[in-house]
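Asks: coords please:
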Amino acid sequence: MNEPDEKFERETRKLFDRSVESLDASTLSRLNRSRQLALAEAHQAHTGLLRWAPATGIAAAVLIAVIVTRGPTNVDGFDLPVAMTDMEILLGEESIAMLEDLEFYSWLDTVESEDGDVS
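Replies: Residues are numbered from 1 along each chain as shown. Okay, the predicted model is just below:
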């Protein structure tokens, strides 16, 4: 800070201190009670928020545990093991020949779904 600001601050502080010293006892008592009440309310609000923290943490942990243990069972109507089998076929050596006849395999899959297992 520069010198004029510091001088202004000192003078303002002196005026404030003198005005506080000139307050009567009942005003000082009311100010003190108000201060204590405000501090108590602030403490209660802070404590109230902390009260829910453990419950929120437990709920989040249970939710994660349920999601992990159940795992994805059905993705858009396709069973996961079948999708993995199809993926293995696509990534195999014969995948290029299969991709050429993709419409045929799609038709074959729908026929198998409608008629049951075709041997």
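Asks: where exactly do the strands run in the protein?
Replies: Counting by DSSP state E, the chain has these strands, from start to end: 74-75, 78-79.
Asks: quick check: mean pLDDT across the last one?
Replies: Throughout strand 78-79, pLDDT has a mean value of 54.
Asks: oh, and call the first residue 463 from now on, that's how I've got it
Replies: Yep, numbering from 463; the last one is strand 540-541 now.
Asks: what domains does the record give for this protein?
Replies: The chain breaks down into these domains under automatic domain parsing: 465-525, 535-577.
Asks: check these for me: which has the lowest mean pLDDT.
Replies: domain 535-577 (a mean of 66).
Asks: longest single helix anywhere in this structure?
Replies: Longest among the helix segments of the chain by residue count, using DSSP state H, is helix 487-513.
Asks: mind listing what residue 564 touches?
Replies: For residue 564, no residue meets the contact criterion (CB atoms under 8 Å, 6 or more residues apart in numbering). C-beta coordinates here come from the backbone N, C-alpha and C atoms, glycine included.
Asks: that one and residue 519, how far apart?
Replies: For residue 564, the distance to residue 519 (CB to CB, to the nearest Å) stands at 49 Å.
Asks: over to residue 504?
Replies: The spacing between residue 504 and residue 519, counted by CB to CB, is 24 Å.
Asks: now swap in residue 500 and tell me
Replies: Looking at residue 500 against residue 519, where the rule is CB to CB, the gap reads 30 Å.
Asks: kind regards, and thank you for your time.
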